[in-house]
Structures are given as structure tokens and as C-alpha cells.
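*Asks:* What shape does this take:
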Amino acid sequence: MTRDHRHEIEIDASADDVWRAVTDATELTRWYADRARVTPGENGTVTVGWETPGGTVEEGTSRIDVWKPGRRLRLVDLPPADPGDFPALDEPTVQEWTITTTEGGRTVLRLVHSGFPDSDDWDDFYDSTDHGWDAFLLSLRHYLERHPGEPRRSIVATAPHAPAWERVRAACGVTGGRIEMKLPTGETLSGRIVLERPAKALLATVAELDDGLLFVTREMGTLWASLAAFGDARARLDDLGGHWREHMITTSREQDS
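*Replies:* Numbers count the residues shown, from 1 in each chain. Alright, predicted model coming up:
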């Protein structure tokens with residue numbers, strides 16, 4: 001018995017632009033991963049990786065099963081070298097991407113991610129992948145509509161003990177549909193909430209980073225947060241990064257105490 005989750009988003013961009021965003025290595029680093037490698041075409045591969053605060057890179061690779069430019073992409077996720085605490089899968093998970101165009105010229109991107117075991121020991125991974133894709137697809141739309149063609153840089157903060165969700169919201173300064181995060185330096189990061197899944201994930205714009213993005217999530221007991229900027233605003237992360245990490249990690253330590 002397996003289960004899947006389904007996602008759909010409408011984007012004010014051409015089908016070709018959306019196709020490139022999900023299949024080109026450089027484009028993938030502008031909304032999804034820190035690093036990417038793509039060997040295009042059927043039987044090719046897509047490898048994406050995320051840098052950890054310790055400097056290592058965690059990667060995942062998928063085999064391209066269907067490659068129909070501008071229309072359809074099917075990826076078969078290859079098993080990781082180190083599956084961690086999860087049991088081995090009998091069959092790999094599969095990503096089915098389809099692209100269509102509305103009468104008004106907007107592009108609809110659909111994703112079905114299937115093959116997750118329907119068992120209690122996979123619930124956390126299934127849930128985190130589900131709300132993770134929600135946030136990533138909104139990040140994709142944000143990139144294509146607000147920062148097309150601009151390089152992205154992100155910094156990450158993690159803590160092994162995730163605080164209660166109300167403390168996460170307090171750290172982000174959530175009020176209504178906005179954030180106002182106060183850093184130790186007195187600086188403020190403010191913006192509009194794009195997505196909130198209670199006790200799971202928060203995605204918001206950041207005005208002080210020229211419409212950058214803040215993503216905070218609780219993943220299987222761990223606090224994981226990312227602050228991203230595009231174009232010239234990337235340089236601001238050099239000054240903000242250490243103070244922002246301190247703020248996010250202190251939130252977790254205060255919860256422990």
C-alpha cells in the first residue's frame with residue numbers, strides 16, 4: 001500500500017520558462033536547491049543538493065523516465081546511499097510533472113509525488129515532503145514572477161530540538177498575515193506570509209532583502225530555517241547571516257530551558 005500527494009500552481013510565466021525552471025541546473029538553484037546537476041533526456045539524471053550549516057552537502061538523485069520538453073517530466077527517485085532511520089523502499093518514489101497553459105496565457109504546473117509507504121513509520125517523511133513541495137512551488141512562482149533570471153543565495157540555520165510552533169511564530173514576529181522578525185542587532189526583517197501550515201511550515205517574503213524569502217519548518221523534531229535573497233540583495237546576507245542564525249537557534253535553546 002502506497003500513497004501520494006498532489007500539488008498544482010498557476011504561474012504568470014511561459015510554459016518554456018517553467019520547463020526550464022524545473023529541468024535546468026542553474027534554474028533549479030534559483031528556487032529549489034543550493035546545487036544541481038542535470039543530464040537531460042530520457043535515462044538522464046537530476047541531482048539536487050542542499051548545504052548544511054556544517055559545510056557538507058546532502059544530495060538526492062532521480063532518473064529521468066519521461067522527458068517531453070514544455071509538457072511532461074517523470075522522475076524516478078533513486079534510493080539514498082544512507083537512508084537514515086527509514087526502512088528500504090520496495091519500489092522508488094516517483095515525481096510526475098505536467099505543464100499546461102490557460103486561455104489567458106498563464107502556465108499551470110502540476111506535481112504528483114507518489115510511492116510513499118502507507119505506514120506509521122513513514123508519516124513524518126510523507127508530511128514533510130507534502131508541505132515542503134507546497135513551499136517550494138510557491139518559491140518557484142515567486143522567482144519566476146518577481147526575480148526571473150536572477151541568481152539566488154540562501155543561508156540556513158538548524159537546531160536539533162524544534163521549539164513549539166507558537167515559539168517559532170513568535171520568533172518570526174507573526175502578526176496577522178505578516179512577519180516582523182527582530183534580530184539581536186535591532187534590525188528588523190519584515191514581509192508578507194505566503195504560506196503557513198500550523199506546526200509544520202512558514203514561508204514569507206522579506207522586504208529588507210528586496211523581496212527575498214524566509215522559510216521555516218519543523219522536520220521530524222528538528223528546526224530548519226532558510227533565508228534567501230536574489231540578485232544584488234544577496235550581499236546583505238553577509239551582514240545579516242550570523243545575527244539571523246543566532247536568533248533562530250536561540251529560539252530553540254530557550255524552549256529547551
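
*Asks:* ok, now how distant is the closest residue to residue 6 other than its chain neighbours from residue 71?
*Replies:* Once its chain neighbours are removed from consideration, residue 6 has its nearest residue in residue 112; the separation is 5.1 Å (CB to CB, 6 or more residues apart in numbering). For glycine as for every other residue, the C-beta is placed from the backbone atoms N, C-alpha and C. When CB to CB, to the nearest Å is the yardstick, residue 112 and residue 71 sit 15 Å from each other.

*Asks:* again, but for residue 250
*Replies:* On the measure of CB to CB, residue 250 and residue 71 end up 47 Å apart.

*Asks:* Domain map for the protein?
*Replies:* Per the record, the chain has its domains at 2-146, 152-256, by automatic domain parsing.

*Asks:* can you pull out the strands in this structure?
*Replies:* Per DSSP state E, the chain carries strands over the ranges 2-11, 35-39, 45-51, 57-68, 72-77, 94-101, 107-117, 152-159, 178-182, 188-197, 201-206, 212-219, 222-230.

*Asks:* Which one of those lies nearest to residue 145?
*Replies:* Among those, strand 2-11 comes nearest to residue 145, with 6.7 Å by CB to CB.

*Asks:* Report the angle between the closest one and strand 94-101.
*Replies:* For the pair strand 2-11 and strand 94-101, the angle between their directions (axes from the mean of the first three to the mean of the last three CA atoms, to 10 degrees) equals 30 degrees.

*Asks:* Each with direction, which strands does strand 2-11 pair with?
*Replies:* Using DSSP bridges, the neighbouring strands of strand 2-11 in the sheet come out as strand 107-117 (antiparallel).

*Asks:* Would you mind getting the angle between the partner strand and strand 72-77?
*Replies:* With the same axes, to 10 degrees as the basis, strand 107-117 and strand 72-77 are set at 30 degrees to each other.

*Asks:* pLDDT on strand 107-117, on average?
*Replies:* Throughout strand 107-117, pLDDT has a mean value of 97.

*Asks:* again, but for stretch 47-54
*Replies:* The average pLDDT within stretch 47-54 is 84.

*Asks:* Report the buried residues of that stretch.
*Replies:* Judged by neighbour count using 16 or more other CB atoms under 10 Å, the buried positions of stretch 47-54 are 47-50.

*Asks:* Of all pairs in those residues, which one spans the longest distance?
*Replies:* Distances among the buried residues of stretch 47-54 were taken as CB to CB; the most separated pair is 47 and 50, at 11.6 Å.

*Asks:* quick one: contacts for residue 190?
*Replies:* Taking CB atoms under 8 Å, 6 or more residues apart in numbering as the contact definition, residue 190 lies against 173, 178-181, 206-208.

*Asks:* any idea how far residue 70 is from it?
*Replies:* Taking CB to CB as the measure, residue 190 falls 38 Å from residue 70.

*Asks:* Check residue 97 too.
*Replies:* Counting by CB to CB, the separation of residue 97 from residue 70 is 11 Å.

*Asks:* If you count surrounding residues, which of the two has more?
*Replies:* Set side by side, residue 97 and residue 70 show unequal neighbour counts under other CB atoms under 10 Å, the larger going to residue 97 at 21 against 17.

*Asks:* Hmm, residue 73 and the more buried one touching each other?
*Replies:* Yes: in terms of CB atoms under 8 Å, residue 97 counts as a neighbour of residue 73; the distance is 4.1 Å.

*Asks:* roughly how far apart are residue 240 and residue 187?
*Replies:* Applying CB to CB to residue 240 and residue 187 gives a distance of 7 Å.

*Asks:* ok, and what's touching stretch 138-145?
*Replies:* When contacts are taken as CB under 8 Å, 6+ apart, the neighbours of stretch 138-145 outside the stretch itself are 9, 11-13, 17-18, 21-22, 30-32, 109, 150, 152, 194-195, 203, 205, 211, 213, 215, 228, 230.

*Asks:* and the helix-or-strand element of the chain with minimal mean pLDDT, C-alpha only, in CSV?
*Replies:* Per-element confidence for the chain was summarised using mean pLDDT, DSSP states H and E. The lowest value among helices and strands belongs to helix 236-256, with a mean of 82. This file holds the C-alpha atoms of helix 236-256, laid out as CSV (Å, rounded to 0.1, in the frame of the first residue of the first chain):
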residue,chain,number,x,y,z
ARG,A,236,23.2,41.7,2.5
LEU,A,237,23.3,38.1,3.8
ASP,A,238,27.0,38.6,4.8
ASP,A,239,26.0,41.2,7.4
LEU,A,240,22.7,39.6,8.5
GLY,A,241,23.6,35.9,8.4
GLY,A,242,25.3,35.4,11.8
HIS,A,243,22.7,37.5,13.7
TRP,A,244,19.8,35.8,12.0
ARG,A,245,21.2,32.3,12.7
GLU,A,246,21.8,33.3,16.4
HIS,A,247,18.2,34.5,16.6
MET,A,248,16.7,31.3,15.2
ILE,A,249,18.9,28.9,17.2
THR,A,250,18.3,30.9,20.4
THR,A,251,14.6,30.3,19.9
SER,A,252,15.2,26.6,20.2
ARG,A,253,17.6,26.8,23.2
GLU,A,254,15.1,28.9,25.1
GLN,A,255,12.5,26.3,24.6
ASP,A,256,14.9,23.6,25.9
